[in-house]
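*Asks:* What follows is a protein structure lacking sequence information:
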């Protein structure tokens, strides 16, 4: 057992007490009735940052929930690391599926069980405890700043304006985030890319009212039929999106990174069995792991119209609706793609219907170069703590605030996450492995030691 591991073992009871004090606060940003809990949780984080060794930690107002800011400045000439996390959590429903109370944390089978155990109170706590170790042992060589927000689970609507207003305060050489996952407990990995997102609602209108399908069927265009036909034109037989100009800014993944992806252990049969499908589909010329992480995609997220109640009603509907989205990759601007889709979708509409496209939310993609010194420091930290070099992995999901940091603050982010798929974030029985928690603290300590 090395010195870091001895420190963690000696201090773990206090660590759990402090972490549990955070978890017990139901800081659910999606529910207005929990608004008071947001301030309580922010204030508790500020207390814990001060206890860990921050020079200052304050709760600052934003247009929405408060933001926790902390810092310890050791040398004006040293690098500055900005640590981002979020203190809000998802709602715990359905409550009947939990094996224990979601906001009364328990340790069972060497796991912490509670809402927020992983996402993101547990992972954020890893960062704070690593910082504490460095401060107490006189090993902190870089300046460290903290920004913890309370709206990540509802899309971080207030954080961009906060960053614009406080650019100088948040100035740093790199941003460090623990809010992502690894491939497995025995397969450490670092997330190097996230996809962006563009989302729309479309409305197709035919006749001015619902019609009798016997009297009008075959003579008047059915908006649902037309909508389905239009949607079918957006992706071709090779899985390519047909929107003109859609691929103009798509970055091809560099050869070395594609080689890394090819070496990620992946069992296609198990993948298909887990989701209950006989065959996979996607863009021709790319593997499944490339298709769901570093290539763009188009999906219908919901579609409705006409009569959907019990029994039958022979109606030719006046309107049809769909919610559709694209996952985007690095350098694709979601504003540009939003307009391209709207223009294209209207252009392929027949004269028998009118089409309305309403853009909804969106976000940019993000890529962290594996040549970035901070990435290489994180890689070294993982290798020491987990005993093997982490794989570089792009993820299919989106964290829009990461690209916002780059656009507003001009700072790259290293995604040093420790979650596992089995942690069940956003679901009943969220949990976090104590073994991963301990190794995570060690990995972050080693990151700070390596980053200069």
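*Replies:* Noted; the coordinates are in hand. Worth saying up front: this structure is predicted, and the values here are computed from it rather than measured.
*Asks:* Could you point out the helix or strand that follows the lowest-mean-pLDDT helix or strand in the chain?
*Replies:* Every helix and strand in the chain was compared by mean pLDDT, DSSP states H and E; the lowest is helix 255-262, with a mean of 84. Later in the chain than helix 255-262, the nearest helix or strand by DSSP states H and E is helix 268-275.
*Asks:* What mean pLDDT does that following helix get?
*Replies:* Here helix 268-275 scores 92 as its mean pLDDT.
*Asks:* circling back to that earlier point, output the contacting helices and strands for the least confident helix or strand of the chain.
*Replies:* helix 288-291, strand 391-395 (3 or more CB pairs under 8 Å, 6 or more residues apart in numbering; DSSP states H and E). (Glycine included, C-beta is placed from N, CA and C.)
*Asks:* what residues does whatever helix or strand comes next after the shortest one touch?
*Replies:* It refers to helix 288-291. Sequence-wise, the next helix or strand downstream of helix 288-291 (DSSP H and E) is strand 297-305. Outside strand 297-305, the residues that touch it by CB atoms under 8 Å, 6 or more residues apart in numbering are 199, 204, 223-224, 227-228, 231, 234-235, 241, 282, 291, 317, 319-327.
*Asks:* now stretch 398-413
*Replies:* 82, 84, 149, 152, 155-156, 159-160, 163-164, 167, 170-177, 179-180, 194-197, 327, 362-366, 368-369, 372, 374, 415.
*Asks:* swap the cut-off to 6 Å and go again
*Replies:* Defining contact as CB atoms under 6 Å, 6 or more residues apart in numbering, one finds that stretch 398-413 is touched by 156, 159-160, 163-164, 170, 172, 174-175, 177, 194-195, 197, 363-364, 366.
*Asks:* Can you give me the buried ones in it?
*Replies:* For stretch 398-413, burial by neighbour count (16 or more other CB atoms under 10 Å) applies to 398-406, 408-409, 411-413.
*Asks:* got it, and stretch 137-144?
*Replies:* 140, 142-144.
*Asks:* Of these, which pair is most distant in space?
*Replies:* 140 and 143 (8.6 Å; CB to CB).
*Asks:* Could I get the contacting residues of residue 150?
*Replies:* 29, 38, 65, 87-88.
*Asks:* Format those residues as a markdown table; extra columns: distance to residue 116, secondary structure and pLDDT.
*Replies:* A markdown table is the format used below for the contacts of residue 150 (distance: CB to CB, whole Å; DSSP: H, G, I helix; E, B strand; the rest coil; pLDDT from 0 to 100):
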| residue | distance to residue 116 | secondary structure | pLDDT |
| --- | --- | --- | --- |
| 29 | 12 | coil | 98 |
| 38 | 13 | helix | 98 |
| 65 | 15 | coil | 98 |
| 87 | 8 | coil | 98 |
| 88 | 9 | coil | 98 |
